[in-house]
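Visitor: this one's sequence-less:
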């Protein structure tokens with residue numbers, strides 16, 4: 001195997017170009033990850049704000065849900 005010698009400036013340029021290529025190729029993946037993280041944070045905040053210690057009766061909830069579903073049909 002041959003040995004290749006490059007200086008720090010050349011190495012930095014190669015690493016930067018490689019990093020840019022990866023980001024450009026995986027742009028959608030990175031964007032989806034950011035959106036998903038933001039959704040998770042929003043859901044967690046909503047859950048925290050919704051914690052009041054008051055609970056809804058299950059049967060009342062089901063009846064209300066069923067009536068809303070019937071209206072949509």
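Guide: Thanks, I have it. Computed from a predicted structure; not experimentally measured. Numbering: from 1, shown residues only.
Visitor: quick one: low-confidence ranges for the chain?
Guide: 1 (pLDDT under 70).
Visitor: where exactly do the helices run in it?
Guide: 8-25, 27-50, 58-72 (DSSP state H).
Visitor: now the second one against helix 8-25, angle please.
Guide: Okay, so that is helix 27-50. Counting by axes from the mean of the first three to the mean of the last three CA atoms, to 10 degrees, helix 27-50 lies at 70 degrees to helix 8-25.
Visitor: what's the spacing between residue 11 and residue 4?
Guide: Using CB to CB, to the nearest Å, one obtains 11 Å as the distance from residue 11 to residue 4. Placement of C-beta: from N, CA and C, glycine included.
Visitor: more neighbours: which of these two?
Guide: For residue 11 versus residue 4, neighbours defined as other CB atoms under 10 Å are more numerous around residue 11 (10 against 5).
Visitor: so the more buried one versus residue 3, what's the distance?
Guide: 14 Å.
Visitor: check residue 23 too.
Guide: 30 Å.
Visitor: looking at these two, which is more packed in?
Guide: Taking neighbours as other CB under 10 Å, residue 23 and residue 3 compare with residue 23 leading, 11 against 4.
Visitor: what residue lies at the spatial centre of this structure?
Guide: For the chain, the residue sitting closest to the mean C-alpha position, by CA atoms, centre = their mean, is residue 36 at 1.5 Å.
Visitor: against residue 62, how distant is that residue?
Guide: From residue 36 to residue 62 the distance is 31 Å (CB to CB).
Visitor: and what of residue 6?
Guide: 69 Å.
Visitor: before we move on, what about residue 50?
Guide: Residue 50 is 19 Å from residue 62, by CB to CB.
Visitor: just residue 56 next, same as before
Guide: Counting by CB to CB - residue 56 and residue 62 are separated by 10 Å.
Visitor: got it, and residue 18?
Guide: 56 Å.
Visitor: again, but for residue 68
Guide: Counting by CB to CB - residue 68 and residue 62 are separated by 11 Å.
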